[in-house]
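S.K.: what follows is a protein structure lacking sequence information:
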């Protein structure tokens, strides 16, 4: 590589929710860092809304937990329904889940990072090259010709991670793939604190409370899982699908912008390579149904920060990250298995298969099995 133009302790590639939270954790300890974000502007697209208890603890550690609580809606209970009849009710108690659009969570994290490390976030900074030297240094080349040298580097750059690609780390598929469409609408369910899981013959419809009296509706699409990227379902088509499945469907406002996506599950074969680590969606893609992907990434960030805090001052070969890789690899494997089960339960089912599934849901809604559902939904053990 050409001459280095900047030197830092840690370079984070990706300024999504996970990269920003990691930047805050490191900056609080006085670590000299840079956060490189390819996008020049902030995205407001519909993405994650669920903040689970371990994720909220990570936000507390980064100093934004109270701000999130002030803005978020609370999910107090999960209710499973079939044909309009209640099958099971799972109260979360003191492990309730919060709901806040990802762009607002990221805005709070950006504000916090700017307070802790002014100028650390660089937008419009696209990574095009990465090398590790024998002297214990990671060198990053940007599209504009700038070169950054760091003692450690982190790929927090999402499912299509450039860091993972440049490292040559494989991306292995795991069970679970399906297509979904979603849109937000005013909440007229009469259950503002409830997550509703409607297990219908042609596929699940889920809905979750959001701030300001809104509710997100997510429907599994029929047929094959579809391509890697999908054209959004039209508003009229999504409204029709919801009405066919639910009978009395929410009225989606004319201004609603439905989005469609394919949920896939994949895990990196390695979470670290030398002095570079992968966190969040760069390390593992899990189904967003249940909303656990963002919180899982925050737990990666907490674990990485902890690993670096315990690293020897002159650590060169990345041995300090071995424990991080083992711990987060196991957590990702558990999360993938849970998400695959959730996807199977929401798949289309008719006849005897549907009767059996609804019976299982009723059983799982009763003690002692209900405690297992609470643990799974609230990310205990990850």
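M.R.: Looks like it came in fine. Keep in mind that what you see is a predicted model, and the values were worked out from it rather than measured.

S.K.: elements contacting the lengthiest helix in the chain?
M.R.: Of all segments of type helix in the chain, defined using DSSP state H, the longest is helix 322-345. Counting by 3 or more C-beta pairs under 8 Å, 6 or more residues apart in numbering; DSSP states H and E, the packing neighbours recorded for helix 322-345 are strand 171-186, strand 259-268, strand 272-273, strand 284-285, helix 293-309. Where C-beta positions appear, they are placed from N, C-alpha and C, glycine not excepted.

S.K.: quick one: residue 98 is in a helix?
M.R.: No - judged by DSSP: H, G, I helix; E, B strand; the rest coil, residue 98 forms no part of a helix; its state is strand.

S.K.: quick check: residue 80 is in a strand.
M.R.: Yes - if the criterion is three-state DSSP, then residue 80 is within a strand.

S.K.: distance check, it against residue 153.
M.R.: Distance, residue 80 to residue 153, by C-beta to C-beta, to the nearest Å: 43 Å.

S.K.: looking at the two, which is more packed in?
M.R.: Neighbours per residue (other C-beta atoms under 10 Å) separate residue 80 from residue 153, with residue 153 holding more: 28 against 23.

S.K.: what's the angle from the helix or strand harbouring that one to helix 293-309?
M.R.: Assessed by DSSP states H and E, residue 153 sits inside strand 147-155. With axes from the mean of the first three to the mean of the last three C-alpha atoms, to 10 degrees defining the directions, strand 147-155 sits at 120 degrees from helix 293-309.

S.K.: can you list the neighbours in contact with strand 147-155?
M.R.: 1-14, 19, 22, 34, 36, 130, 136-142, 161-164, 167, 275-279, 282-283, 304, 308 (C-beta atoms under 8 Å, 6 or more residues apart in numbering).

S.K.: just the ones in helices from these, please.
M.R.: Of these, the ones assigned to helices by DSSP H are 19, 22, 162, 163, 164, 167, 304, 308.

S.K.: which residues touch the residue nearest to the first one when sequence neighbours are not counted?
M.R.: Right, the one you point to is residue 19. Nearest residue to residue 19, sequence neighbours excluded (C-beta to C-beta, 6 or more residues apart in numbering): residue 156, at 3.4 Å. If a contact means C-beta under 8 Å, 6+ apart, then residue 156 has 12-16, 18-19, 22, 279-280, 282, 297, 301 as its contacts.

S.K.: let me know the closest of these to residue 96.
M.R.: residue 297 (20.5 Å; C-beta to C-beta).

S.K.: check which residues of the longest helix of the chain are buried.
M.R.: Buried residues in helix 322-345, counted by 16 or more other C-beta atoms under 10 Å: 324-325, 327-329, 331-332, 335-340, 342-343, 345.

S.K.: okay, the angle between the next helix-or-strand element following it and helix 322-345?
M.R.: Counting by DSSP H and E, the next helix or strand C-terminal to helix 322-345 is helix 351-364. Counting by the same axes, to 10 degrees, helix 351-364 lies at 130 degrees to helix 322-345.
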